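Engineer: attaching a predicted model along with its sequence, questions to come.
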There are 2 protein chains.
Amino acid sequence: MWRTFLWASRLLHESLDRQLQRDARMPHTYYVILAMLSEAPDRSLTMSELARLVQSSPSRLSHAVAKLEAQGWVSRCKRPGDARTNLARLTDEGYAVLVEAAPGHVEEVRRVLFDHLSPEQVRQLQAIFESVLAGLTSGNGD
Amino acid sequence: MWRTFLWASRLLHESLDRQLQRDARMPHTYYVILAMLSEAPDRSLTMSELARLVQSSPSRLSHAVAKLEAQGWVSRCKRPGDARTNLARLTDEGYAVLVEAAPGHVEEVRRVLFDHLSPEQVRQLQAIFESVLAGLTSGNGD
DNA sequence: CCGACTTAGTTGAGCGTTCAATCTTCCCCC
DNA sequence: GGGGGAAGATTGAACGCTCAACTAAGTCGG
């Protein structure tokens, strides 16, 4: 059972990554960053907030946003009032890229996961990973 | 629900990777390679067979085995009868490393996943990812 | 037997992630 | 208000993975 899960989730992630890399020239992680920004007020978030939202280390996010900024999809600026915090903001171009990529990605998610699940299994999965996630985010430090 | 699964499985993989990196100085992928070899007859497999078993691309496996060989945990030799096929074999030292690493890894898997699951949920997960895996391995090319 | 195709595996460049180190700015307490 | 530490964020090196190109060995048809 463990191996079934291991192989399936590995292949699942790889499949998503490949599809996005092919269709939108970006890894899945970057897509998630854009998606999170797009849902935020003013399409902008501090690096820390964003890192928490995408479950990413500060370092990874910093590298990622640097790349995204180089592509012109995100812009960074200091936040007034606290010179430490940086605001990452989704540009119009970045938003356009996201809108372009979203349908294909959603369909891929459906294809590799949800098409194989009954509504009840979706609920089961939700319940399972809610508790797993809770365990990982809180009791992580052991 | 999708995000719950996404975050949880990402954190889960990262948690395993970190634990193994810390305790056994190797990524999870390498551990799986060693584990598969250890279960094979004569502790050896051809690169292709091994690649299929660990759901890895030939390239990744080749790189990985090269590293493992450099560490002295795996040895490679041509198979008699077909000079193309390479046999990867777990060395005694590699086996020792695996035996050393296994308990901690198993416990980590339990801690991050199975501790949060009821027996019924384990069955549910099995059923779900069996069909997901089937979809990914066969209909992949679409 | 010889050229074309297939199979097995490797290699190198480019990219994303990690880890540790660093830097700046803010906060708090004396 | 000045020093110590915490918070926010970045950097660079090392490493694993991907993709595409490539080598070498087997196979098969004429």
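Structural biologist: Good, I have the coordinates.

Engineer: and the gap between the residue nearest the centre of chain A and residue A:13?
Structural biologist: Taking C-alpha atoms, centre = their mean, the centroid of chain A lies closest to residue A:32, which sits 2.4 Å from it. As judged by C-beta to C-beta, to the nearest Å, residue A:32 and residue A:13 stand 12 Å apart. To be clear about C-beta, it is placed using only N, CA and C from the backbone, and glycine gets the same treatment.

Engineer: now residue A:85
Structural biologist: 31 Å.

Engineer: over to residue A:135?
Structural biologist: 20 Å.

Engineer: looking at those two, which is more packed in?
Structural biologist: Using other C-beta atoms under 10 Å in any protein chain shown, the more surrounded residue of residue A:135 and residue A:13 is residue A:135, with 19 against 16.

Engineer: so that one: helix, strand or coil?
Structural biologist: Assigned by DSSP: H, G, I helix; E, B strand; the rest coil, the conformation of residue A:135 is helix.

Engineer: just the pLDDT for it.
Structural biologist: Predicted confidence (pLDDT) at residue A:135: the value is 88.

Engineer: what's the answer for residue A:79, then?
Structural biologist: 87.

Engineer: how about the residue of chain A positioned farthest from its centre, phi and psi?
Structural biologist: Relative to the C-alpha centroid of chain A, counting by C-alpha atoms, centre = their mean, residue A:81 is the outermost residue, at 28.2 Å. Backbone torsions for residue A:81, taken as degrees, to the nearest 10, come to phi 110, psi -30.

Engineer: what's the answer for residue A:25, then?
Structural biologist: Here is the backbone geometry of residue A:25 (degrees, to the nearest 10): phi 60, psi 40.

Engineer: check the offset of stretch A:73-80 from the chain's centre.
Structural biologist: When C-alpha coordinates are averaged (C-alpha atoms, centre = their mean, to the nearest Å), stretch A:73-80 and its chain have centres 19 Å apart.

Engineer: touching DNA strand D at all, it?
Structural biologist: Yes - Stretch A:73-80 lies within reach of DNA strand D by C-beta under 7 Å from any atom of the strand, at A:76, A:79.

Engineer: circling back to that earlier point, the residue nearest to the centre of chain A - nearest residue in space that isn't next to it in sequence?
Structural biologist: In space, and not counting its chain neighbours, residue A:32 is closest to residue A:54: 5.2 Å by C-beta to C-beta, 6 or more residues apart in numbering or on different chains.

Engineer: who touches the one you found in this structure?
Structural biologist: Shown in contact with residue A:54 (C-beta atoms under 8 Å, 6 or more residues apart in numbering or on different chains): A:29, A:32-33, A:36, A:61.

Engineer: out of those residues, who's nearest chain B?
Structural biologist: residue A:32 (7.7 Å; C-beta to the nearest C-beta).

Engineer: just the element for the closest one, please.
Structural biologist: Taking DSSP states H and E as the criterion, residue A:32 maps to helix A:28-39.

Engineer: what's the next secondary structure element after that helix?
Structural biologist: The helix or strand immediately downstream of helix A:28-39 is strand A:44-46, counting by DSSP H and E.

Engineer: now that following strand, how far from the centre of its chain.
Structural biologist: Computed by C-alpha atoms, centre = their mean, the chain-centroid distance of strand A:44-46 equals 15 Å.

Engineer: so, in contact with DNA strand C or not, that strand?
Structural biologist: No - taking C-beta under 7 Å from any atom of the strand as the criterion, strand A:44-46 and DNA strand C are apart, separated by no less than 12.5 Å.

Engineer: name the helices or strands packed onto that strand?
Structural biologist: helix A:28-39, strand A:82-90 (3 or more C-beta pairs under 8 Å, 6 or more residues apart in numbering or on different chains; DSSP states H and E).

Engineer: right, and the ones you listed - which one's nearest residue A:111?
Structural biologist: helix A:28-39 (14.7 Å; C-beta to C-beta).

Engineer: quick check: buried residues in the closest one?
Structural biologist: Across helix A:28-39, burial judged by 16 or more other C-beta atoms under 10 Å in any protein chain shown covers A:28-37.

Engineer: could I get the average pLDDT for that helix?
Structural biologist: Helix A:28-39 comes out at a mean pLDDT of 96.

Engineer: show me what that helix is packed up against.
Structural biologist: helix A:2-24, strand A:44-46, helix A:47-53, helix A:58-70, strand A:74-79, strand A:82-90, helix A:92-112.

Engineer: who's in contact with that helix?
Structural biologist: By C-beta under 8 Å, 6+ apart, helix A:28-39 touches A:13, A:16-17, A:20, A:24, A:43-45, A:50, A:53-54, A:56, A:60-61, A:64-65, A:67-68, A:73-74, A:88-90, A:94-95, A:97-98, A:101-102, A:105, B:6.
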